[in-house]
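K.L.:
Sequence plus the predicted model coming up.
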Amino acid sequence: MVEATQYTQQVKSLNIAATMSCTSTCKATDEHPWDGNWTLTDGQTAFGSVAYSDVPSVGVADSSTVKYNLYITQPGTIPTLPNVNWSNPRAVRCDSALTGGGNTSTGCVLPSITPRLELPVSQYGAAAVTYGWAQWNLPNKWGLYSGSPMTRALDGDARRKFTCEEKSSVPFVAKPDDVVLKDSCDEFPFASTEQGGTDGGKCAEIVPLFEGDGQWRVYEADPSRPVTGTEPCARGHVNLDQNKLVGTAYSNLIQNMRLIEKDPFYLTVPDYFDAVE
(Lines give C-alpha, C1' and ligand atoms only; values in the text may rest on other atoms or scores of the structure.)
Protein backbone atom coordinates (compact mmCIF):
# COMPACT_ATOMS: atom_id res chain seq x y z
CA MET A 1 0.00 0.00 0.00
CA VAL A 2 1.20 3.50 -0.85
CA GLU A 3 -0.42 6.56 0.75
CA ALA A 4 -0.15 10.20 -0.29
CA THR A 5 0.03 11.98 3.05
CA GLN A 6 0.62 15.62 2.14
CA TYR A 7 1.19 17.70 -1.00
CA THR A 8 2.58 21.25 -0.97
CA GLN A 9 2.72 24.23 -3.30
CA GLN A 10 1.80 23.41 -6.92
CA VAL A 11 1.70 19.62 -6.56
CA LYS A 12 -1.90 18.42 -6.35
CA SER A 13 -1.48 14.78 -7.35
CA LEU A 14 1.10 12.19 -8.38
CA ASN A 15 1.06 9.03 -10.45
CA ILE A 16 2.24 5.92 -8.62
CA ALA A 17 3.31 2.68 -10.31
CA ALA A 18 5.04 -0.30 -8.73
CA THR A 19 6.72 -3.56 -9.69
CA MET A 20 7.98 -6.39 -7.52
CA SER A 21 10.57 -9.09 -8.15
CA CYS A 22 12.49 -11.79 -6.33
CA THR A 23 15.92 -13.36 -6.65
CA SER A 24 17.30 -16.88 -7.17
CA THR A 25 14.80 -19.39 -8.63
CA CYS A 26 11.83 -17.39 -7.33
CA LYS A 27 9.59 -15.78 -9.96
CA ALA A 28 7.07 -13.00 -9.59
CA THR A 29 4.02 -14.44 -11.34
CA ASP A 30 2.09 -11.19 -10.91
CA GLU A 31 4.64 -8.41 -10.44
CA HIS A 32 2.28 -5.42 -10.51
CA PRO A 33 0.12 -4.75 -7.43
CA TRP A 34 -2.14 -2.66 -9.66
CA ASP A 35 -2.36 -2.02 -13.40
CA GLY A 36 -0.52 1.00 -14.79
CA ASN A 37 -0.43 4.25 -12.83
CA TRP A 38 -2.60 5.09 -9.87
CA THR A 39 -3.19 8.84 -9.56
CA LEU A 40 -3.24 9.85 -5.90
CA THR A 41 -4.49 13.10 -4.51
CA ASP A 42 -3.85 14.17 -0.93
CA GLY A 43 -4.85 11.44 1.54
CA GLN A 44 -5.54 8.75 -1.06
CA THR A 45 -3.94 5.30 -1.10
CA ALA A 46 -2.91 2.82 -3.77
CA PHE A 47 -3.07 -0.82 -2.81
CA GLY A 48 -2.93 -4.26 -4.37
CA SER A 49 -1.28 -7.65 -4.18
CA VAL A 50 1.43 -9.56 -6.01
CA ALA A 51 2.19 -13.27 -6.35
CA TYR A 52 5.41 -15.25 -6.35
CA SER A 53 6.31 -18.83 -7.22
CA ASP A 54 9.33 -20.88 -6.17
CA VAL A 55 9.30 -24.67 -6.53
CA PRO A 56 12.74 -26.12 -5.74
CA SER A 57 13.62 -29.74 -6.44
CA VAL A 58 12.85 -32.24 -3.69
CA GLY A 59 15.42 -31.94 -0.93
CA VAL A 60 16.54 -28.47 -2.03
CA ALA A 61 15.97 -25.25 -0.08
CA ASP A 62 16.08 -22.00 -2.03
CA SER A 63 16.60 -18.61 -0.37
CA SER A 64 15.39 -15.50 -2.17
CA THR A 65 15.04 -11.78 -1.55
CA VAL A 66 11.88 -9.88 -2.46
CA LYS A 67 12.56 -6.53 -4.16
CA TYR A 68 10.31 -3.51 -4.59
CA ASN A 69 10.42 -0.74 -7.23
CA LEU A 70 8.30 2.38 -6.98
CA TYR A 71 7.77 4.89 -9.81
CA ILE A 72 6.53 8.36 -8.79
CA THR A 73 5.78 10.93 -11.52
CA GLN A 74 3.65 13.96 -12.18
CA PRO A 75 0.51 13.35 -14.23
CA GLY A 76 1.26 13.51 -17.95
CA THR A 77 4.86 12.30 -17.68
CA ILE A 78 6.24 8.82 -18.37
CA PRO A 79 8.48 7.09 -15.80
CA THR A 80 11.71 5.63 -17.13
CA LEU A 81 13.52 4.48 -14.00
CA PRO A 82 12.14 3.71 -10.56
CA ASN A 83 12.44 6.53 -8.05
CA VAL A 84 12.67 4.24 -5.06
CA ASN A 85 14.11 0.73 -4.73
CA TRP A 86 14.29 -1.41 -1.63
CA SER A 87 14.42 -5.04 -0.54
CA ASN A 88 12.68 -6.96 2.19
CA PRO A 89 15.32 -7.44 4.91
CA ARG A 90 13.92 -10.90 5.69
CA ALA A 91 14.89 -13.57 3.16
CA VAL A 92 12.22 -16.04 2.04
CA ARG A 93 13.15 -19.73 1.97
CA CYS A 94 11.21 -22.25 -0.11
CA ASP A 95 11.70 -26.01 -0.13
CA SER A 96 10.15 -29.20 -1.43
CA ALA A 97 10.04 -32.38 0.63
CA LEU A 98 8.54 -35.84 0.35
CA THR A 99 5.71 -36.59 2.75
CA GLY A 100 5.21 -39.92 4.48
CA GLY A 101 2.69 -40.82 1.78
CA GLY A 102 5.22 -40.23 -0.99
CA ASN A 103 3.72 -36.94 -2.15
CA THR A 104 5.68 -33.73 -2.65
CA SER A 105 5.04 -30.89 -0.22
CA THR A 106 6.28 -27.43 -1.20
CA GLY A 107 6.11 -24.27 0.87
CA CYS A 108 7.89 -21.10 1.92
CA VAL A 109 8.76 -19.49 5.25
CA LEU A 110 10.69 -16.62 6.77
CA PRO A 111 13.50 -18.61 8.43
CA SER A 112 14.58 -15.60 10.49
CA ILE A 113 11.39 -16.04 12.54
CA THR A 114 11.75 -18.98 14.94
CA PRO A 115 8.52 -20.98 15.34
CA ARG A 116 7.10 -22.25 18.62
CA LEU A 117 5.61 -25.62 19.50
CA GLU A 118 2.99 -25.22 22.23
CA LEU A 119 2.13 -28.36 24.22
CA PRO A 120 -0.31 -27.74 27.08
CA VAL A 121 -0.63 -30.30 29.87
CA SER A 122 -4.40 -30.17 29.43
CA GLN A 123 -3.99 -31.77 26.00
CA TYR A 124 -0.75 -33.76 26.15
CA GLY A 125 -0.80 -34.94 29.76
CA ALA A 126 2.28 -36.70 31.12
CA ALA A 127 4.27 -35.95 27.97
CA ALA A 128 3.89 -32.19 28.46
CA VAL A 129 4.63 -32.56 32.18
CA THR A 130 7.88 -34.34 31.30
CA TYR A 131 8.98 -31.53 29.00
CA GLY A 132 7.98 -28.74 31.37
CA TRP A 133 9.66 -30.49 34.30
CA ALA A 134 12.88 -30.93 32.30
CA GLN A 135 12.84 -27.31 31.16
CA TRP A 136 12.47 -25.90 34.66
CA ASN A 137 14.41 -28.44 36.72
CA LEU A 138 17.40 -29.35 34.55
CA PRO A 139 20.17 -26.90 33.63
CA ASN A 140 19.92 -26.62 29.84
CA LYS A 141 16.40 -25.14 29.54
CA TRP A 142 15.85 -26.70 26.10
CA GLY A 143 13.28 -24.83 24.04
CA LEU A 144 12.70 -22.03 26.54
CA TYR A 145 13.01 -18.40 25.51
CA SER A 146 15.19 -17.96 28.62
CA GLY A 147 17.35 -20.88 27.45
CA SER A 148 17.96 -21.79 23.83
CA PRO A 149 15.86 -23.27 21.01
CA MET A 150 16.07 -26.88 19.98
CA THR A 151 17.14 -27.62 16.41
CA ARG A 152 15.73 -30.24 14.08
CA ALA A 153 17.76 -33.38 13.34
CA LEU A 154 16.99 -35.85 10.57
CA ASP A 155 18.34 -38.96 12.32
CA GLY A 156 15.77 -39.18 15.10
CA ASP A 157 15.37 -42.97 14.91
CA ALA A 158 19.10 -43.49 15.43
CA ARG A 159 19.24 -40.97 18.27
CA ARG A 160 16.26 -42.52 20.04
CA LYS A 161 18.09 -45.86 20.26
CA PHE A 162 20.63 -44.22 22.60
CA THR A 163 18.06 -42.64 24.90
CA CYS A 164 15.15 -45.07 25.02
CA GLU A 165 16.13 -48.27 23.26
CA GLU A 166 18.88 -50.86 22.93
CA LYS A 167 21.87 -48.51 22.92
CA SER A 168 21.01 -46.95 26.27
CA SER A 169 23.40 -48.01 29.05
CA VAL A 170 20.37 -48.32 31.36
CA PRO A 171 17.38 -50.10 29.77
CA PHE A 172 13.99 -48.44 29.99
CA VAL A 173 11.70 -50.63 32.09
CA ALA A 174 8.02 -49.88 31.62
CA LYS A 175 5.82 -49.45 34.68
CA PRO A 176 2.81 -51.75 35.11
CA ASP A 177 -0.53 -50.51 33.81
CA ASP A 178 -1.79 -49.76 37.31
CA VAL A 179 0.97 -47.14 37.60
CA VAL A 180 1.23 -45.84 34.00
CA LEU A 181 -1.28 -47.20 31.53
CA LYS A 182 0.44 -48.26 28.27
CA ASP A 183 3.76 -46.93 29.53
CA SER A 184 6.33 -45.75 26.97
CA CYS A 185 9.67 -43.97 27.01
CA ASP A 186 9.38 -40.29 26.15
CA GLU A 187 12.71 -38.53 25.81
CA PHE A 188 13.47 -34.86 26.18
CA PRO A 189 15.04 -33.19 24.31
CA PHE A 190 13.29 -34.94 21.44
CA ALA A 191 15.33 -37.61 19.68
CA SER A 192 14.77 -35.85 16.36
CA THR A 193 16.60 -32.74 17.55
CA GLU A 194 20.31 -32.09 17.63
CA GLN A 195 20.02 -31.79 21.40
CA GLY A 196 18.56 -35.30 21.68
CA GLY A 197 20.20 -38.70 21.50
CA THR A 198 22.00 -38.67 24.87
CA ASP A 199 22.60 -42.00 26.59
CA GLY A 200 19.44 -42.77 28.55
CA GLY A 201 21.53 -43.90 31.50
CA LYS A 202 22.54 -40.27 32.01
CA CYS A 203 18.96 -38.95 31.96
CA ALA A 204 16.77 -37.98 34.87
CA GLU A 205 14.07 -40.66 34.79
CA ILE A 206 10.69 -39.52 36.06
CA VAL A 207 7.10 -40.68 36.42
CA PRO A 208 4.48 -37.91 36.05
CA LEU A 209 1.23 -38.97 37.72
CA PHE A 210 -2.19 -37.30 37.67
CA GLU A 211 -3.62 -37.61 41.17
CA GLY A 212 -7.00 -37.46 42.82
CA ASP A 213 -6.84 -33.78 43.72
CA GLY A 214 -6.56 -32.85 40.05
CA GLN A 215 -2.85 -32.03 40.17
CA TRP A 216 0.11 -33.64 38.46
CA ARG A 217 3.10 -34.69 40.54
CA VAL A 218 6.49 -35.90 39.37
CA TYR A 219 8.22 -38.88 41.01
CA GLU A 220 11.59 -40.53 40.55
CA ALA A 221 11.27 -43.68 38.45
CA ASP A 222 14.18 -45.55 40.03
CA PRO A 223 15.26 -44.85 43.63
CA SER A 224 18.61 -46.48 42.86
CA ARG A 225 19.22 -43.66 40.37
CA PRO A 226 18.03 -40.56 42.22
CA VAL A 227 17.48 -37.39 40.22
CA THR A 228 20.21 -34.83 40.87
CA GLY A 229 18.93 -31.93 38.78
CA THR A 230 22.16 -31.84 36.77
CA GLU A 231 21.23 -34.42 34.13
CA PRO A 232 21.64 -33.63 30.40
CA CYS A 233 18.26 -35.15 29.45
CA ALA A 234 15.02 -36.60 30.81
CA ARG A 235 13.16 -39.86 30.27
CA GLY A 236 9.50 -39.74 31.16
CA HIS A 237 7.17 -42.68 31.74
CA VAL A 238 4.34 -41.55 29.49
CA ASN A 239 1.17 -43.14 28.17
CA LEU A 240 1.88 -44.32 24.63
CA ASP A 241 -1.10 -42.48 23.11
CA GLN A 242 0.06 -39.17 24.61
CA ASN A 243 3.58 -39.87 23.40
CA LYS A 244 2.31 -40.42 19.85
CA LEU A 245 0.11 -37.33 20.03
CA VAL A 246 3.17 -35.18 20.68
CA GLY A 247 4.92 -36.87 17.76
CA THR A 248 2.05 -35.80 15.53
CA ALA A 249 2.20 -32.23 16.85
CA TYR A 250 5.94 -32.05 16.16
CA SER A 251 5.47 -33.52 12.67
CA ASN A 252 2.81 -30.90 11.96
CA LEU A 253 5.18 -28.15 13.09
CA ILE A 254 7.88 -29.51 10.78
CA GLN A 255 5.53 -29.50 7.80
CA ASN A 256 3.61 -26.29 8.50
CA MET A 257 6.68 -24.23 9.41
CA ARG A 258 8.91 -25.91 6.81
CA LEU A 259 11.56 -26.93 9.36
CA ILE A 260 14.64 -28.36 7.68
CA GLU A 261 17.78 -29.80 9.26
CA LYS A 262 19.27 -27.53 11.97
CA ASP A 263 16.27 -25.18 11.98
CA PRO A 264 15.52 -23.88 15.49
CA PHE A 265 12.20 -23.92 17.32
CA TYR A 266 10.98 -23.10 20.80
CA LEU A 267 8.75 -25.29 22.95
CA THR A 268 6.39 -24.06 25.64
CA VAL A 269 4.11 -25.80 28.14
CA PRO A 270 1.83 -22.83 28.92
CA ASP A 271 -0.14 -24.36 31.80
CA TYR A 272 2.76 -26.20 33.47
CA PHE A 273 2.78 -24.23 36.72
CA ASP A 274 -1.00 -24.42 37.05
CA ALA A 275 -1.15 -28.16 36.41
CA VAL A 276 1.93 -29.46 38.24
CA GLU A 277 2.57 -29.26 41.96
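P.N.:
Everything's here; your move. Numbering: from 1, shown residues only.

K.L.:
so what's the residue nearest to Glu118 when sequence neighbours are not counted up against?
P.N.:
In this structure, Glu118 finds its nearest non-sequential neighbour in Thr268, 5.3 Å apart by Cβ to Cβ, 6 or more residues apart in numbering. Using the backbone N, CA and C atoms, a C-beta is placed for each residue, glycine as well. Contact partners of Thr268, counting by Cβ atoms under 8 Å, 6 or more residues apart in numbering, are 116-119, 143-144.

K.L.:
distance of Phe210 from Trp216?
P.N.:
Distance of Phe210 to Trp216, computed by Cβ to Cβ, to the nearest Å: 5 Å.

K.L.:
quick one: common contacting residues for the two?
P.N.:
Overlap of the contact sets of Phe210 and Trp216 (by Cβ under 8 Å, 6+ apart) consists of Ala126.

K.L.:
Those two: which is more packed in?
P.N.:
The residue with more neighbours, out of Phe210 and Trp216, is Trp216; 20 against 15, by other Cβ atoms under 10 Å.

K.L.:
who does Val109 bridge with?
P.N.:
Judged by DSSP bridges, the bridge partners of Val109 are Arg93.

K.L.:
Which parts of the stretch 51-200 of the chain are helices?
P.N.:
121-137, 156-163 (DSSP state H, counting those that start in this stretch).

K.L.:
Could you say which of the ones you listed is packed most deeply?
P.N.:
Neighbour counts (mean count of other Cβ atoms under 10 Å) averaged over each of the helices of the stretch 51-200 of the chain peak at helix 121-137, with a mean of 23.

K.L.:
That one packs against which elements?
P.N.:
Helices and strands touching helix 121-137, by 3 or more Cβ pairs under 8 Å, 6 or more residues apart in numbering; DSSP states H and E, are strand 183-188, strand 204-210, strand 216-220, strand 234-239, helix 240-256, helix 272-275.

K.L.:
Tabulate the ones you listed in JSON lines, adding columns for mean pLDDT and distance to Gln195.
P.N.:
Below are the helices and strands packed on helix 121-137 laid out as JSON lines (pLDDT from 0 to 100; distance: least, Cβ to Cβ, whole Å):
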{"stretch": "strand 183-188", "mean pLDDT": "99", "distance to Gln195": "9"}
{"stretch": "strand 204-210", "mean pLDDT": "99", "distance to Gln195": "15"}
{"stretch": "strand 216-220", "mean pLDDT": "99", "distance to Gln195": "21"}
{"stretch": "strand 234-239", "mean pLDDT": "99", "distance to Gln195": "12"}
{"stretch": "helix 240-256", "mean pLDDT": "97", "distance to Gln195": "13"}
{"stretch": "helix 272-275", "mean pLDDT": "98", "distance to Gln195": "19"}
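
K.L.:
Just put the ones you listed in TSV and tack on distance to Pro171.
P.N.:
Formatted as TSV, the helices and strands packed on helix 121-137 follow (distance: least, Cβ to Cβ, whole Å):
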stretch	distance to Pro171
strand 183-188	10
strand 204-210	11
strand 216-220	17
strand 234-239	11
helix 240-256	17
helix 272-275	29
